[in-house]
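Colleague: Need coordinates for the below:
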Amino acid sequence: MISKRLNFIIPVLILLSVQLSYAQQNTDINNTQSGEFRASVVKVNITPDAPKMLLGYGARKSTGVNDHIFHKIIAMDDGVKQFFLVSSDICVISPSEYDHVASLLQKKLGIDPLNFWWSLTHTHSAPEVGVPGLPAVFMGERYEHEVDTAYTALVEKKLIEGIIEARNKLTPARLGVGWGYSNANINRRAWDIDGKASGGMNPDGPVDRRIGLMRLDKADGNPLALIANYAIHGTVLGPANTEISGDAPGIVSEYVEQKTGIPLLFINGAAGNLAPIYSVYPNPKAGHLGQFRVLLGDKILDANKEIVSTTDAIKLFTGSLTIETPRKPNLAWPVDLGKYTRTTSSGIKMVKLPIRFFKINEDVAIWSAPLELFCEISNGIRERSPFPFTFYYGYTNGWLGYLASEKEWQHGGYEVERVSPYTISVEKDFTEPIVSYLQNEMVNSITNPQKENLKKK
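Modeller: Below is the predicted model:
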């Protein structure tokens, strides 16, 4: 397996690709039980045909469409496990909305929720979906209108139909992985002379400019789909904009598709304190929205060119853990999120954070959380990971607020004081269990074919 040192080298542009490792001791088992690796991709338009309430800033209704928004769905099948990754041009959803759709998929299609990840690009110019959940506790004035059940039902229906189509379209495939780099983001927590943080630009603040890229090819070598992981708020367009848009993630995805001929799933990263370098402008022209095709789109294309090695010898593993951490005293809690909190015997109210893990062979470890995570936390976890490709997928399977690093609590600001349900201890409570899982369960995980073989002995 490739040395872990490669995971640390990124002073300038890094474009790295490798053949995914495949343990020799599993060859006989996999050949007889698991079959070939298959994959598919489906793209579904979810742009509404009528004005809708937009999410991300104060309450406002759409007046038109700048660019269309989509579900993009990838299915992977290693012969034993099927995994479904969805990227949707939506801002956030409550975890209860994810749970509802996951339950429907389990009942209708037998898909284990562990194998269904619903990630959102976090554009602030897309319609609301489902009940507001935790945002209504922080910013209740934004949610005095009725929930749009019709649009929510449409989004759910098209997602489920897309997953069915993806399952039906599975075809022999290969997978490659690599790194890229882009300067399209910047730390957005500006510190004043008194040490207080406010929304702005902080060129000296923590940042994560890596692009984590995976490419799926058909068996004949022709490309099938791309998955790009990059941390950036979907806030090129500000509160004055009322046209529906995928913002920078959507514009970049469509541009890369035009250049490559294949869909790109944009998966946001730890963007809790990262903004696009042009941010909160009143319209696409003022915000240089199209320039993100160069700033980020071309960098994804560059990284893709460096993926010169792919493999069809793929084994998949999924896992999960729940992290508990105290929530802020006297903080109200939404009724729909009852399963995400508990009270200890000593009366302390806790938040229950669901973390998911996805391993591909012995090189790629992906973990996800329903959070706006500060980038320095995911950077630190990546540095301690034993996997040369460690990706964090943010805004996945719901939204449970901002999670800031301990150092940032002294600076206060919006992300800490208004839209976080946590306390100053959260970074430690959060980080150590995830690192431990990566270093232990993920490293020692046994593939399903091996488990089946052991049962038969």
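Colleague: Residue 438 belongs to a helix, doesn't it?
Modeller: Yes. Assessed by DSSP: H, G, I helix; E, B strand; the rest coil, residue 438 belongs to a helix.
Colleague: From residue 206, how far off is the residue nearest to it when sequence neighbours are not counted?
Modeller: The shortest distance from residue 438 to any non-neighbouring residue, by Cβ to Cβ, 6 or more residues apart in numbering, is to residue 385 (4.9 Å). For glycine as for every other residue, the C-beta is placed from the backbone atoms N, C-alpha and C. Per Cβ to Cβ, to the nearest Å, residue 385 is found 18 Å from residue 206.
Colleague: cool, and residue 41?
Modeller: 33 Å.
Colleague: swap in residue 124?
Modeller: According to Cβ to Cβ, residue 124 stands 22 Å off from residue 206.
Colleague: what do you get for residue 96?
Modeller: 31 Å.
Colleague: Same check on residue 198?
Modeller: Residue 198 sits at a distance of 17 Å from residue 206 (criterion: Cβ to Cβ).
Colleague: hey, where'd the helices end up in the stretch 51-200 of the chain?
Modeller: Under the criterion DSSP state H, counting those that start in this stretch, the stretch 51-200 of the chain contains helices at 95-109, 135-138, 149-168.
Colleague: Spit out the contact partners of the most centrally placed residue in the chain.
Modeller: Residue closest to the mean C-alpha point of the chain, counted by Cα atoms, centre = their mean, is residue 393 at 3.1 Å. By Cβ atoms under 8 Å, 6 or more residues apart in numbering, residue 393 lies in contact with 117, 119, 229, 267-269, 366-368.
Colleague: so which of those is the most crowded?
Modeller: Taking other Cβ atoms under 10 Å as the neighbour criterion, residue 267 ranks highest of the contacts of residue 393 with 29 neighbours.
Colleague: So it versus residue 413, what's the distance?
Modeller: From residue 267 to residue 413 the distance is 26 Å (Cβ to Cβ).
Colleague: Same question for residue 387.
Modeller: On the measure of Cβ to Cβ, residue 387 and residue 413 end up 33 Å apart.
Colleague: Neighbour count: those two, which is higher?
Modeller: Taking other Cβ under 10 Å, residue 387 and residue 413 do not tie; residue 387 has more neighbours (23 against 20).
Colleague: Identify the residue nearest that one in space, chain neighbours excluded?
Modeller: Nearest residue to residue 387 in three dimensions, chain neighbours excluded: residue 365, at 3.9 Å (Cβ to Cβ, 6+ apart).
Colleague: Name the residues linked to the one you found by a beta bridge.
Modeller: residue 359, residue 390 (DSSP bridges).
Colleague: Now do the contacts for it.
Modeller: Counting by Cβ under 8 Å, 6+ apart, residue 365 touches 357-359, 385, 387, 389-391, 438, 442.
Colleague: pLDDT score assigned to it?
Modeller: In this model, residue 365 is scored at 98, pLDDT.
Colleague: How much space separates it from residue 193?
Modeller: 41 Å.
Colleague: so where's the stretch 301-450 of the chain shaky on pLDDT?
Modeller: 446-450 (pLDDT under 70).
Colleague: mind listing the helices for it?
Modeller: Using DSSP H, counting those that start in this stretch, helices in the stretch 301-450 of the chain cover 375-384, 414-417, 426-437, 443-444, 448-456.
Colleague: can you tell me which of these comes nearest to residue 150?
Modeller: With Cβ to Cβ as the criterion, residue 150 lies closest to helix 414-417 of those, at 31.9 Å.
Colleague: mind checking how far the residue lying closest to residue 78 once chain neighbours are set aside is from residue 437?
Modeller: Closest residue to residue 78 apart from its sequence neighbours, by Cβ to Cβ, 6+ apart: residue 316 at 4.7 Å. Residue 316 is 17 Å from residue 437, where distance means Cβ to Cβ.
Colleague: more crowded one of the two?
Modeller: Neighbours around residue 316 and residue 437, counted as other Cβ under 10 Å, are more numerous at residue 316. The numbers are 22 against 19.
Colleague: Please name the residues that touch that one.
Modeller: Applying Cβ under 8 Å, 6+ apart to residue 316 gives the contacts 76, 78, 80-81, 83, 358-360, 447.
Colleague: correct me, but residue 229 touches residue 390?
Modeller: No. Counting by Cβ atoms under 8 Å, residue 229 does not reach residue 390; the two are 10.4 Å apart.
Colleague: Listing partners with orientation, what would you give for the strand or helix carrying residue 215?
Modeller: Here residue 215 sits within strand 210-218, counting by DSSP states H and E. Neighbouring strands of strand 210-218 in its sheet, by DSSP bridges, are strand 171-181 (antiparallel), strand 223-230 (antiparallel).
Colleague: As PDB, could you dump the C-alpha coordinates of it?
Modeller: Extracted C-alpha coordinates of strand 210-218, given in PDB (Å, rounded to 0.1, in the frame of the first residue of the first chain):
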ATOM      1  CA  ARG A 210      -7.300  19.900  -1.400                       C
ATOM      2  CA  ILE A 211      -9.600  18.300  -4.000                       C
ATOM      3  CA  GLY A 212     -10.300  14.600  -3.300                       C
ATOM      4  CA  LEU A 213     -11.200  13.000  -6.700                       C
ATOM      5  CA  MET A 214     -12.500   9.600  -7.600                       C
ATOM      6  CA  ARG A 215     -13.300   8.500 -11.200                       C
ATOM      7  CA  LEU A 216     -15.400   5.600 -12.300                       C
ATOM      8  CA  ASP A 217     -14.700   4.200 -15.700                       C
ATOM      9  CA  LYS A 218     -16.600   1.600 -17.700                       C
END
